[in-house]
Every structure is written in structure tokens, then in C-alpha cells.
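1. Just to be clear, the model below is a prediction. Sequence and coordinates:
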Amino acid sequence: MLIKSPDDILPSEITSPALYSRRRDFIKTGIGLGASLILPGTAAFAAPKPTVPFSTAKKSPYSTTDESLTDHQDVTRYNNYYEFGTNKADPARYADALQTRPWTVSIEGLVKQPKTLGIDDILKVAPLEERIYRMRCVEGWSMVIPWVGLPLSSLLKQVEPLGGAKYVEFITAVQPENMPGVRRRVLDWPYTEGLRLDEAMHPLTIMAVGLYGEALLNQNGAPLRLVVPWKYGFKNGKSIVKIRFTDKEPRTSWMKAGPFEYGFYSNVNPEVDHPRWSQARERRIGEFTKRKTLMFNGYGDQVAQLYTGMNLKINF
Ligand code: MTE
């Protein structure tokens, strides 16, 4: 993200277009019918079986409805997860080593009831929903992903945040023996992200635990990762182990790495360029012509009021 532009060859581009669209239709039909039987490649990265059946997750009214889904292969083989290396193919190649059970998330800081919850308890906090979201990476590419998850607000309410809590910090896993990337100080590990409390509690913000009707593969951030669809992809911390309520704006890993390039808000904004490239257009993975980037990634009706009166060029 710091160094590259996304010119790598994608799996969908080396598959014949006819086969590609047939497979895409096949995958779409498979959602809800038990996608586990048909998705390519999942056996090789088999995640522990969830105790809650993800394929029965009901489609949320917050879903983007009219856009084609990004091919499953691209969603799971073209990733950013720097703990496993900085090439797009590294996470799919190496993330199998991530240990995702047992897994606990400690929720602490300015709260009345700090808690450490096991992943299986988190899965029962609220009914799982399928949320089809547009995702926009700061590097200039985008995808449409059928996530399975629960509203982050339902998880955060478990600990009763105190009045002084204004921000939420998300801290992700470091497993040095399993993550070749953390031996290099590409970023300040652990990968840390943050949201303002109202952004974290917003109904569009989810904790994703699956995609395409199946538990998340490790390369996508198993067993749980943040998804905030109106922000650039790097806000979506993967494999979260700690959530901390604070009264001060957290300093995130990307802000430390490049304070003039990666701001705290990181809202998708075609009018504010990255210092080294334009953000006006994007390449939807699987398409060949670029499309215009939408303000707040197209979610402005739902989220613009969170930023009323703020100068979004300063608060980028
Ligand atoms: N989370 C961790 N722990 N480490 C990372 O390197 N990369 C981020 C984000 N979350 C990253 C992370 C970036 S830059 C992006 S674009 C998204 O994850 C990519 O998510 P995806 O690979 O599931 O599409």
C-alpha cells in the first residue's frame, strides 16, 4: 500500500471470460444453498467449523443490491495482510499458519464492564447477517464482497461504554512464529486502527466473520475483522484481538507510517487525492475500464451527517 500500485495479474484475468462469468453465476446461486460445497479452493484453507451456520445468514437491508459480486478467487487471493508479506498473493500463500482457535477478544478501556469474549460467544451476540458492500482500497482498486457479520454496535454494547469514551481502538493479532511479515518493521506491529465512537456504533459498521456464506479464510482476517464500507480498506483491521475505548484519537499504524498520506478519518473521497496519486477513479477488480469513485464510497446518504461542519480536506 505504501509502495505499490496494483498492476499484478489477477486470477480472474487469467481465466477465460466465459468460464469466469459462469463460475460467478454458479457462486451467486450457491449462496444460501450451502456455498461450502462449491467454492473453489476452500478445502485447502479449511477454517475451523463455526458453531453457527453462516450460509443461513439473512441478507441485511443495508446490502448494496444492484452490483455484481467480485469473484471469490479475487476476494480470497488478492489481499493486503502485511503480517504475511507485502505482495497481494502472500496472504493466501502463508496465512494458513495463523492459529485462529482458541481465540478471544478483550474489550476494555473506558467501559463499565470490561470483558474477554471467546469467538464462539461473539458469534451469538447478534444474528449473523449477509451484507453485500462495496469496498474501496486506498491503492485505487475496489471489490463488491458478500460479507457475513454482526453489527459492531451489538458487540460494543456488551461492555457498557462510559460517558468519557469518544474513540474505539482496534488491535490485531501478532503471532511472530506464524507471521513472516512481522519480522520486518514494515509497519509498527500490532496493526492498529481506530474509529470515532459514533462511526463504530453506526449501523453500517460490522464485525465480519465470514464471506460468500462461509467462515472467513485466514487471508481475509479470520476469525473476525472490521468492515467499515465508507472508508478506505486499510481501516478494516483483520484478526482482531483487542478493542479499547479511549478519550483520545488513537494513533493508527498507517498514521505512524505516513502521517501526511493516511489520516485518521480515511473516508473515501474522490476530491482529496493521496499525495502520490489521484483518488478520483478506481478499478473494480474484474472490470477493465475504470469507474468514478463515489463520495463516502456511495454511502453518503447514510453517513455524511457524521461529518457535518468538518473540513474533509483537513480531516482526511
Ligand atoms: N489488517 C491487518 N491486520 N493487516 C493488514 O495488513 N491490510 C488492510 C486491511 N486490514 C491489513 C489489515 C488493507 S490495506 C486492506 S485494503 C484490507 O485489509 C484488505 O482486505 P482484504 O484482503 O480482505 O480485501
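-> On my side now, so go ahead. Residues are numbered from 1 along each chain as shown.

2. ok, how many other residues are close to residue 65?
-> Here the number of neighbours of residue 65 (other CB atoms under 10 Å) works out to 7. Yep, even glycine has a C-beta here, placed from its N, CA and C like the rest.

3. Could you find the closest non-adjacent residue to it?
-> Among residues not flanking residue 65 along the chain, residue 132 sits closest, at 7.1 Å (CB to CB, 6 or more residues apart in numbering).

4. Within the helices and strands, which one has the one you found?
-> strand 129-136 (DSSP states H and E).

5. same thing with residue 142?
-> strand 141-151.

6. what helices or strands is the helix or strand following that strand leaning on?
-> Following strand 141-151 in sequence order, the next helix or strand is helix 152-156 (DSSP H and E). In terms of contacts (3 or more CB pairs under 8 Å, 6 or more residues apart in numbering; DSSP states H and E), helix 152-156 is packed against helix 197-200, strand 206-211.

7. now with 6 Å?
-> With contacts taken as 3 or more CB pairs under 6 Å, 6 or more residues apart in numbering; DSSP states H and E, helix 152-156 sits against strand 206-211.

8. neighbouring strands for the strand it packs on, and are they parallel or not?
-> Sheet partners assigned to strand 206-211 using DSSP bridges are listed as strand 141-151 (antiparallel), strand 214-215 (antiparallel), strand 225-227 (antiparallel).

9. so which of the ones you listed comes closest to residue 206?
-> Of all the strands paired with strand 206-211, strand 141-151 sits nearest to residue 206, with 3.9 Å by CB to CB.

10. Please enumerate residues in contact with that closest one?
-> By CB atoms under 6 Å, 6 or more residues apart in numbering, the residues outside strand 141-151 that reach it are 6, 54, 57, 67, 69-70, 75, 126, 128, 130-132, 134-136, 206-212, 227, 282-285.

11. Show me which of the residues you listed are buried.
-> 54, 57, 69-70, 75, 126, 128, 130-132, 134-136, 206-212, 227, 282-285 (16 or more other CB atoms under 10 Å).

12. Okay, buried residues for the helix or strand containing residue 120 please.
-> Using DSSP H and E, residue 120 sits in helix 119-122. Going by neighbour count (16+ other CB under 10 Å), the buried part of helix 119-122 is 119, 122.

13. same thing with stretch 295-313?
-> Buried, per 16+ other CB under 10 Å, within stretch 295-313: 295, 296, 297, 298, 299, 303, 307, 312.

14. out of the residues you listed, which one sits closest to residue 179?
-> Checking the buried residues of stretch 295-313 against residue 179 by CB to CB gives residue 297 as the nearest, at 29.0 Å.
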